[in-house]
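Undergrad: the following comprises the amino acid sequence and a computationally predicted model.
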Amino acid sequence: MKNGTPLIETDDVGLVARGYRFGNLIAENVGHVLTREELEYWEAHLKEIREGLARFANRSAGRSLTEKEMVASWEAYFRYGYGLKVDFSGVKIPKKRSGFGYLIAVPQGITMNRVYDVSSNPGHIPSWRYVDDLDKAITVNDRDPNRDGSYFVWVRGGVEADEGHRNKSADMLKTEGVLTVTTLEQLLFRHKFWLDTGTNVDQKTWTLHGGSRYSVGYVPNSNWSGGKSRVYWNYTHSRSESLRGREVVS
């Protein structure tokens with residue numbers, strides 16, 4: 001900020017890409033390119049930068065980004081966060097249902113382990129997982145970009161999973177024909193949502209990843225606990241007031 005001017009003054013989706021690139025450059029170059037004085041400067045201004053990005057995210061959310069802007073933001077996310085040049089122009093976006101306003105993009109070739117590692121980098125989301133190799137442990141997924149190719153899904157996009165699906169087990173949701181997130185989709189959602197808003201998801205409840213199963217049959221789930229975003233598991237018949245499915249439109 002200079003002379004009281006906000007860091008971000010326009011709702012330009014390109015600024016999201018610049019923000020991701022800026023964060024990655026800092027993470028990659030700390031201790032290599034930045035001097036001690038430069039590092040101390042950016043540490044001192046980190047709150048200011050974060051507040052500026054949050055103001056941009058809030059204004060963008062308030063004016064309802066177009067589908068084109070959402071896709072561009074995801075392409076920037078994968079380019080600057082993963083070094084992937086992703087082009088979603090030929091991928092069909094499902095018809096959005098009322099209330100489902102947050103688009104999740106899943107490119108072919110992406111894996112759960114890769115997203116977990118990127119999202120839990122220093123300065124991002126403190127994380128914990130029940131097993132070290134999610135790709136090996138979670139073998140059944142309703143949607144799989146490495147099997148089916150790149151795709152999009154819509155979710156409601158709240159901090160907590162869907163109130164309408166609380167106290168429902170994975171078995172119950174399947175019987176009702178309700179599609180819910182896979183573990184890969186939830187990992188992408190939690191990181192992108194945090195980058196967009198500065199807020200961690202699942203702060204009070206657990207999200208049931210009903211679209212995935214561990215190789216031994218358990219259903220993955222996640223929440224925010226003890227200062228970390230945790231990926232755990234439950235029995236498919238388990239249900240509670242704090243366990244909810246995050247429905248998807250695919």
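TA: Yep, that arrived. Residues are numbered from 1 along each chain as shown.
Undergrad: okay, CA-based contacts and neighbour counts for the rest of this
TA: Will do.
Undergrad: now the spatially most central residue of the chain. Its backbone dihedrals?
TA: The chain has F189 as the residue nearest its centroid, 2.3 Å off, counting by C-alpha atoms, centre = their mean. Note on F189: its backbone torsions stand at phi -60, psi -50 [degrees, to the nearest 10].
Undergrad: give the contact list for it.
TA: Contacts here follow C-alpha atoms under 8 Å, 6 or more residues apart in numbering; on that basis F189 touches I104.
Undergrad: what about it, distance to T197?
TA: Applying C-alpha to C-alpha, to the nearest Å, the value for F189 to T197 is 12 Å.
Undergrad: ok so, going back, how much space separates the residue nearest to the centre of the chain from E37?
TA: Distance from F189 to E37, by C-alpha to C-alpha: 35 Å.
Undergrad: and what of A137?
TA: Separation of A137 from E37 (C-alpha to C-alpha): 44 Å.
Undergrad: more neighbours, those two?
TA: The neighbour comparison of A137 against E37 (other C-alpha atoms under 10 Å) goes to A137, with 14 against 9.
Undergrad: ok, which stretches of this structure are helices?
TA: 14-29, 36-62, 67-82, 112-119, 134-137, 145-148, 170-176, 183-197 (DSSP state H).
Undergrad: looking at these, which has the lowest confidence?
TA: If those are sorted by mean pLDDT, helix 14-29 sits at the bottom with a mean of 52.
Undergrad: for D202, see how far away the nearest residue to N200 once chain neighbours are set aside is.
TA: Closest residue in space to N200, ignoring its immediate chain neighbours: W194 at 5.5 Å, by C-alpha to C-alpha, 6 or more residues apart in numbering. In this view, W194 and D202 are 11 Å apart by C-alpha to C-alpha.
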